[in-house]
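[1] Fold the following and give me the result.
(chains A and B)
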There are 2 protein chains.
Amino acid sequence: MSKVGIIAYGTTPFTREDHKIESILHKSTNDLFQNNPDMDKKEIDAVLVSTNNNSKYLSPVLSEMNGIQPKIAHSIESLCNSGTNSIVSAFSYISSGLADMVLVSGAERYDSPGQILEWDNSRGEFKHPIFWASLFSKSYKQKYKISNEQLSIVSVKNHKQAKENPNALSKKTYTSQDVLNSKKLTEDLRLLDCSRPCTGSASILLASEKVAKKNTDTPIWITGIGQKTTSAGFTKNMSLSSMESTKIAGESALKMSNRNISDVDVAEIHDAFSVCEPMALESLGFTNPGEGMDMINNLHETNNFKINPRGGLIGAGHPLGATGISQTIEIVQQLQNNAQKRQTDNAEIGLIHNMSAASTSSTVLVLEK
Amino acid sequence: MSKVGIIAYGTTPFTREDHKIESILHKSTNDLFQNNPDMDKKEIDAVLVSTNNNSKYLSPVLSEMNGIQPKIAHSIESLCNSGTNSIVSAFSYISSGLADMVLVSGAERYDSPGQILEWDNSRGEFKHPIFWASLFSKSYKQKYKISNEQLSIVSVKNHKQAKENPNALSKKTYTSQDVLNSKKLTEDLRLLDCSRPCTGSASILLASEKVAKKNTDTPIWITGIGQKTTSAGFTKNMSLSSMESTKIAGESALKMSNRNISDVDVAEIHDAFSVCEPMALESLGFTNPGEGMDMINNLHETNNFKINPRGGLIGAGHPLGATGISQTIEIVQQLQNNAQKRQTDNAEIGLIHNMSAASTSSTVLVLEK
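    Sure, this is the predicted structure:
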């Protein structure tokens, strides 16, 4: 089984602008090829598009726009973790020998149809994600006696970190009081506790070991993959204060990479809402149940960018199909010691946590130099 | 690299009925599990949904309906060859070692949004497939001096063969005159030259060699895979009377399986429109350029079901995301000597040809006992 490495990346700024999905996709692939002018597009065996957009045949459209004639060309959708699902699919195409080089490109518009959980219609208002997030917040705060003020630090920290990310949607920093005084959406959720859907795209190029080493001196290897889907509806979750699919995916990914969670130097965590960050950190084993906010507080106070260096979904914005790919690019930059003011010290091993719909589905990736 | 086998299948009748996509998907998986009561759903590592439907998160929804908690769960879209793209993806998950058993389920509604080629909007009326099919027909007939009457035999043959397929949309047989007298859609296309979009679903279960042999005595192995996307818009095709992507995909699949086209005993060919069948047979190398209709005529006159035994898309109907999977099930039944009145003699090696949008993208699979 060939090793699989990430050898190039490109991105767009994350905005609330109104562009066609084809143009958004094209923009991040353009960025990729402009930054890597020596890559030979003829070597690209597969083009995978990650999106919730309703447009069809986007992979052949993107391929044609880029002058690529791939063997394998299709779109992949799994709501908010479409991006990492596409990366895992690319991994499998390369690892199985069906492809040597795969372009994965994710994009979304600010008005993505993936924001509304139509299949949860039967549960009345629950079809909008803020309703599960609200239940998660209430449950987590009650169980671990966490105040709104304590929880607000997630948003404060991630907006602060996003300020060092030139592509982030958010350009502002906020105090804890700003978060607590922001628009009340439900009893347990304020506007600044939420990531915002936005327009954006991110692309990466993956390759087999041989092709990766031919094309770059600094490939970043995918050494661990873990995935789990427990259900489609969040009301089937075993717990509203921990993430079962994240726990299982994390354990699988670490096992595959022969690593422990304490080996991880830098991580991207799927903070769709504030409460998701401490819950995910606990479910991944970074810290004990109920102690996620202690870890986050400590990182915030010491200005340590270890968790969500690019600002997380709350700071960077959440273009659904692009998010997992954008998270992966951040870890690649960190491991290549190329993350500028966001750089964490001695980043050798990185982790990506990407999930969908109240953590009913999770992907965890381990990346290494 | 583990061999990959098909170990079970299920399907629905193809109809023009109005059902929700979730129900359609569920129905073919129900058929699969009812026909294979000993299959252990807990062993299913991945659930891939093939569709052009706009509903999101369908793999977790289908998994939950079936009581499956997979690792890998996502949808795949590539218009009319979504089905075989999903099968190839399943192959790669198994072959790479990320999965041992994968459920692939394709479904579509009669009103699928995949029927309109929105990205060809700039070409005026060309966005409906009948316009490229019309140009193909004109070009093919002119180049090889084929009359409308000669071409009508494709529809006559495939409706005749569909009569032996209990799940086919068409329940009627037609004469050449019926085809020539059917509603005129364009100068070069009659209604009975066209496959009809419909409502239907087809599911297959794939497994690694070890797991396949544990679960069935008659696995059917995928021995050859070939894929190619040349463009998104058909006006970029090199030729309007042959299929370049089909030629490349066919050569790749035969090379991988170490077979020649003359070894193939039975084949499913993507006859979205009458002219596609002779064009594809020629591009795959079953016969010389311009001689596809001679081959088809000969098969028709001798009542030989070798090509499109289930009636092709014209006879069976075309539920986009399900089509490639339904074609694959037909070949599995043929190789298992289980195709009843459609059975071809001594079927040892089968081929599936599935394509999208004027053959801008093609998949070819080789299956063996």
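
[2] So which residue is dead centre in chain A?
    Taking Cα atoms, centre = their mean, the centroid of chain A lies closest to A:G324, which sits 3.0 Å from it.

[3] contacting residues for it?
    A:50, A:80-87, A:106, A:352, A:354, A:363 (Cβ atoms under 8 Å, 6 or more residues apart in numbering or on different chains). C-beta here means a position set from N, CA and C on the backbone, and glycine is covered the same way.

[4] One more: A:Q161?
    With Cβ under 8 Å, 6+ apart, A:Q161 has these contacts: A:305, A:308-312, A:315, A:342.

[5] Mind checking the pLDDT average for the strand or helix carrying it?
    Of the helices and strands defined by DSSP states H and E, A:Q161 is found in helix A:148-162. Mean per-residue pLDDT for helix A:148-162: 98.

[6] Equivalent analysis for stretch A:357-367, please.
    Stretch A:357-367 comes out at a mean pLDDT of 96.

[7] okay but A:D263 is in contact with A:I349, surely?
    Yes: look at A:D263 against A:I349 with Cβ atoms under 8 Å: they come within range, at 5.2 Å.

[8] Neighbour count for the two, which is higher?
    Each of A:D263 and A:I349 has its neighbours counted (other Cβ atoms under 10 Å in any protein chain shown); A:I349 has more, 21 against 14.

[9] A:S75 versus that one, what's the distance?
    31 Å (Cβ to Cβ, to the nearest Å).

[10] Likewise for A:R190?
    Taken as Cβ to Cβ, the span from A:R190 to A:S75 is 35 Å.

[11] More neighbours: those two, which one.
    A:S75 (31 against 21).

[12] And the helix or strand encompassing that one, what's buried?
    Taking DSSP H and E as the criterion, A:S75 maps to strand A:72-77. Neighbour-count burial for strand A:72-77 flags A:72-77 (criterion: 16 or more other Cβ atoms under 10 Å in any protein chain shown).

[13] Show me the two of those residues that sit farthest apart.
    Using Cβ to Cβ, these reach their maximum pairwise distance at A:I72 and A:E77, which is 16.4 Å.

[14] and A:N66, how many neighbours?
    21.

[15] try A:T218
    14.

[16] From chain B, how far out is the closest residue to it other than its chain neighbours?
    Excluding its sequence neighbours, the residue lying closest to A:T218 (Cβ to Cβ, 6 or more residues apart in numbering or on different chains) is A:Q336, at 5.2 Å. Distance, A:Q336 to chain B, using Cβ to the nearest Cβ, to the nearest Å: 25 Å.

[17] A helix includes A:S201, no?
    No: using DSSP: H, G, I helix; E, B strand; the rest coil, the assignment for A:S201 is strand, not a helix.

[18] And it, what's its pLDDT?
    pLDDT, read off for A:S201, is 98.

[19] same check, this time on A:E77
    pLDDT, A:E77: 98.

[20] Which strand residues bridge it?
    Taking DSSP bridges as the rule, A:E77 bridges to B:S75.

[21] Could you tell me how many residues sit around the closest residue to A:F234 other than its chain neighbours?
    Closest residue in space to A:F234, ignoring its immediate chain neighbours: A:A358 at 3.2 Å, by Cβ to Cβ, 6+ apart. Look at A:A358: counted by other Cβ under 10 Å, it has 29 neighbours.
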